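Asks: for reference, the sequence and a predicted model appear below.
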Amino acid sequence: MDEFAPPAEPTSPEGVSLWEEGPPREPGAQRREGPPAPGQVRLTVRIRRYNPEVREDPWWDEFAVNMEPTDRLLDALHAVKWYQDGTLALRRSCAHGVCGSDAMLINGHNALACKVLVKDVVPKVTVEPIRGLNVLKDLIVDMEPFFEGYRKVLPYLINEDEPPNRERKQSPEERERYDDTTKCILCAACTTSCPIYWGDDGYIGPAAIVNAHRFIFDSRDQGGEERLKVLSEKSGVFRCRTTFNCSEACPRGIKVTKAIQEVKRAIMFDRL
Ligand code: SF4
Ligand code: F3S
Ligand code: FES
């Protein structure tokens with residue numbers, strides 16, 4: 001038997017298919033879009049494609065989809081994938097700006113496809129994979145170097161004291177100190193918009209620094225010195241040239257550059 005053959009369709013004892021009806025998802029599944037219904041808009045989606053199994057070089061594809069103006073760009077990409085070209089590869093999960101998996105370059109700016117409305121990009125939008133990480137297929141990049149930098153800053157609470165019965169207490173002011181950087185969803189929009197990161201394999205990148213900041217300035221944490229040591233290395237915060245692309249790109253509105261500056265100051269003035 002061909003090991004890559006699709007599985008047999010499951011059926012009930014009465015012989016009725018148990019597969020739910022759904023949009024075609026197989027490569028090559030096609031459905032032409034007619035004219036937009038009243039209230040709908042026609043959006044042309046230009047996508048930078050890459051599939052090393054098909055072609056060595058990337059190429060551009062264009063698709064026209066009929067959407068509601070208040071749909072998200074992610075919905076339009078789904079419409080392409082489900083109804084026009086099942087081979088389109090993209091990452092997404094929550095569809096609500098929380099999981100951070102659908103960061104992409106949209107009209108030249110890093111953003112989450114699920115937070116961009118169709119009405120804001122119609123009639124035509126260009127979508128590319130985020131930069132600075134190797135593209136695996138279409139809009140999917142290899143996130144491993146990004147997470148490698150993240151792991152280096154020990155992104156978890158370090159406290160060697162005996163745990164209290166209930167909780168490690170913290171005042172509202174102490175909590176406020178690092179509130180902004182708790183909002184990170186690890187989407188990589190900041191790191192992959194940073195020109196230093198594009199050009200320097202060694203730079204740990206803004207997202208890792210944001211996540212270090214979140215613990216360095218947490219009054220309950222005792223690992224600040226260790227993290228600052230990592231961030232004072234050649235690959236650390238001093239690679240940053242205060243370009244601000246990262247702050248502009250962050251879909252959570254985190255003041256990324258400010259956080260980087262605070263970490264720089266903590267290293268320079270030994271201030272925790
Ligand atoms: Fe994404 Fe913002 Fe976190 Fe960077 S700081 S990874 S842009 S949420
Ligand atoms: Fe890069 Fe942001 Fe610094 S874009 S250079 S990490 S301010
Ligand atoms: Fe989760 Fe967009 S799909 S953030």
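Replies: Sure, I can see it. Ligands and ions are numbered 1, 2, ... in the order given.
Asks: quick one, domains of this structure?
Replies: The record's domain split for the chain, according to automatic domain parsing, is 41-141, 144-158+176-268.
Asks: quickly find the element holding the residue nearest to the spatial centre of the chain.
Replies: Nearest to the mean C-alpha position of the chain, by CA atoms, centre = their mean, lies C187 at 2.9 Å. For C187, there is no host helix or strand (DSSP states H and E).
Asks: please tell me how far it sits from K115.
Replies: To K115, C187 is 10 Å away according to CB to CB, to the nearest Å. In short, each C-beta sits where N, CA and C put it, glycine included.
Asks: overlap in contacts, those two.
Replies: Applying CB atoms under 8 Å, 6 or more residues apart in numbering, one finds that C187 and K115 are jointly contacted by P251.
Asks: show me what from this protein comes close to ligand 1.
Replies: Listed as neighbours of ligand 1 in the chain under the rule CB under 6 Å from any ligand atom: 100, 184-190, 207, 210, 249-250, 252, 254, 256.
Asks: ok, P58 - contacts?
Replies: The contact partners of P58, by CB under 8 Å, 6+ apart, come to 48-50, 135.
Asks: now do the same for it: its pLDDT.
Replies: On pLDDT, P58 comes in at 93.
Asks: any idea how far it lies from L73?
Replies: Counting by CB to CB, the gap from P58 to L73 is 20 Å.
Asks: ditto for E226
Replies: Counting by CB to CB, the gap from E226 to L73 is 40 Å.
Asks: burial of T70, as a residue count?
Replies: As a burial measure, T70 scores 9 neighbours (other CB atoms under 10 Å).
Asks: is it correct that it is in contact with V118?
Replies: Yes: when contacts are counted by CB atoms under 8 Å, T70 is listed as touching V118 (7.2 Å).
Asks: can you list contacts of the helix or strand where R265 lies?
Replies: Element membership for R265, per DSSP H and E: helix 256-268. Contacts with helix 256-268, where a contact means CB under 8 Å, 6+ apart, come from 180-181, 190, 206, 209-210, 212-213, 216-217, 224, 228, 231-232, 237-238, 240, 242, 244, 246-247, 250, 271-272.
Asks: again, 7 Å this time
Replies: Here helix 256-268 makes contact (CB atoms under 7 Å, 6 or more residues apart in numbering) with 180-181, 190, 206, 209-210, 212-213, 216, 228, 231-232, 237-238, 240, 242, 244, 246-247, 250, 271-272.
Asks: ok, stretch 230-239 next?
Replies: Contacts for stretch 230-239 (CB under 7 Å, 6+ apart): 152-153, 196, 200, 202-204, 209, 212, 260, 263-264, 267.
Asks: the strands in the protein, which residues?
Replies: For the chain, the strands defined by DSSP state E occupy 41-49, 59-67, 103-106, 109-112, 124-128, 135-137, 140-141.
Asks: tell me which of those sits nearest to C94.
Replies: Closest to C94 of the strands of the chain, according to CB to CB: strand 109-112, at 9.7 Å.
Asks: what packs against that closest one?
Replies: On a contact count with 3 or more CB pairs under 7 Å, 6 or more residues apart in numbering; DSSP states H and E, strand 109-112 meets no helix or strand.
Asks: adjacent strands (with direction) for it?
Replies: Next to strand 109-112 in the sheet, as set by DSSP bridges, lie strand 103-106 (antiparallel).
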